[in-house]
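>>> Here is my input; please provide its structure:
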Amino acid sequence: MAAALSSQGIKQRIASLEEWWFDTTRSVHTSGSLNSPRDTHVTGEVLDSYMYVPARAANIREALCALPVTDMSRYTFIDLGSGKGRSLFVAAEFPFRRVIGVEFVSELHREATENIRRYRSSRRRCGEIESVEGNAMEFDFPDDNLVLYLFNPFGPEIMTRVLDNLMRSLAVRPRHVVVLLLWPENSDLFAKTPGLKLYRQTRRHHIYQNVQNAAAPLA
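Sure thing, here's the model as predicted:
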């Protein structure tokens with residue numbers, strides 16, 4: 001038991017050092033969690049929204065390297081439930097057309113906006129980073145090819161509405177959309193969605209895409 005506790009403590013220490021290094025080298029503050037959005041000012045309904053916990057940058061980066069995308073400059077990266085913006089800064093170190101975070105907790109959105117203002121990195125390859133204060137269920141997806149990233153920001157009730165919204169957007173404006181789920185808890189909803197097909201599945205991430213449009217993404 002002592003050995004197990006020691007091992008867990010070492011892992012937590014390594015994770016803390018990784019967060020410190022990521023933030024320090026980019027002049028941002030993305031660490032820390034938010035236990036419940038119910039105690040804060042939010043945009044729209046809370047429903048089954050989860051607590052905010054930032055993902056490890058290494059896990060986000062690994063998943064982005066596995067995308068079925070050959071030219072990222074033709075894609076917009078969107079994080080639904082973007083919190084303080086860590087995923088946005090990882091994505092900005094890839095050559096996406098633009099990077100957008102959507103966050104409905106006002107406090108987190110303000111922190112993300114400040115982080116975007118302060119962000120500096122020699123690795124940056126995307127010029128446009130934005131945090132939008134809004135509810136994921138009502139987000140108006142841009143007409144670009146999309147990489148949609150989700151790290152368990154909410155449960156099946158909201159996820160179903162987001163998926164319905166996404167599929168309506170695709171019906172109006174067909175284009176290539178890739179959905180990246182990190183440590184997914186509701187991947188079954190995507191697996192059951194007509195028009196989406198599993199591209200890759202690992203222990204850490206699942207990737208889906210609308211295959212009918214994969215061969216000819218928008219310019």
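
>>> Residue ranges in the protein under the pLDDT threshold?
1-6, 8, 33-51, 212-219 (pLDDT under 70).

>>> Would you map the strands across it?
Ranges of strands within the chain are 75-80, 98-103, 129-133, 145-150, 177-182, 197-201, 205-209, based on DSSP state E.

>>> and the gap between His206 and Cys126?
With the distance defined as CB to CB, to the nearest Å, His206 ends up 24 Å from Cys126. To be clear about C-beta, it is placed using only N, CA and C from the backbone, and glycine gets the same treatment.

>>> cool, Arg26 as well?
Relative to Cys126, and taking CB to CB, Arg26 is found at 13 Å.

>>> Which one of the two is surrounded by more residues?
The residue with more neighbours, out of Arg26 and Cys126, is Arg26; 23 against 20, by other CB atoms under 10 Å.

>>> so what's that one closest to, chain neighbours aside?
Of all residues beyond its chain neighbours, the one nearest Arg26 is Ser121 (4.9 Å), with distances taken as CB to CB, 6 or more residues apart in numbering.

>>> Let me see the backbone angles for that neighbour.
Geometry field for Ser121 lists phi and psi as phi -160, psi 130, criterion degrees, to the nearest 10.

>>> which residues touch it?
Thr25, Arg26, Phe89, Ala92, Glu93 (CB atoms under 8 Å, 6 or more residues apart in numbering).

>>> Do I have it right that the second one meets Arg120?
Yes: checked against CB atoms under 8 Å, the pair Arg26 and Arg120 is within contact range at 6.4 Å.

>>> List the buried residues in the lengthiest helix in the chain.
Of all the segments of type helix in the chain, defined by DSSP state H, the longest one is helix 2-26. Of the residues in helix 2-26, those buried by neighbour count under the rule 16 or more other CB atoms under 10 Å are Glu19, Phe22, Asp23, Arg26.

>>> Spit out the contact partners of the third one.
Taking CB under 8 Å, 6+ apart as the definition of contact, the neighbours of Asp23 are His29, Thr30, Ser31.

>>> Now do it against Leu108, distance only.
With the distance defined as CB to CB, Asp23 ends up 15 Å from Leu108.

>>> now the last one
When distance is defined by CB to CB, Arg26 is 17 Å away from Leu108.

>>> His206: neighbouring residues, count only.
The criterion is other CB under 10 Å. On that basis, His206 has 20 neighbouring residues.

>>> which residues does it bridge with?
Beta-bridge partners of His206, counted by DSSP bridges, are Leu181, Gln201.

>>> my guess is it meets Glu185, correct?
No: at 10.6 Å, His206 and Glu185 do not qualify as touching, with contact defined as CB under 8 Å.

>>> sorry, back to before: let me know the closest of the contacts of Asp23 to Thr160.
When these are compared for distance to Thr160 (CB to CB), Thr30 comes out closest, at 28.5 Å.

>>> List the contacts of the residue nearest to Leu108 when sequence neighbours are not counted.
Sequence neighbours aside, Gly83 is the residue nearest to Leu108 in space, at 5.0 Å (criterion: CB to CB, 6+ apart). For Gly83, the contact set (CB under 8 Å, 6+ apart) comprises Thr30, Leu34, Tyr52, Pro54, Gly101, Glu103, Val105, Leu108, Ala112.

>>> Look up how far Glu185 lies from the fourth one.
Spatial separation of Pro54 from Glu185 under the definition CB to CB is 16 Å.

>>> For the two, indicate the residue with more neighbours.
Pro54 (19 against 15).
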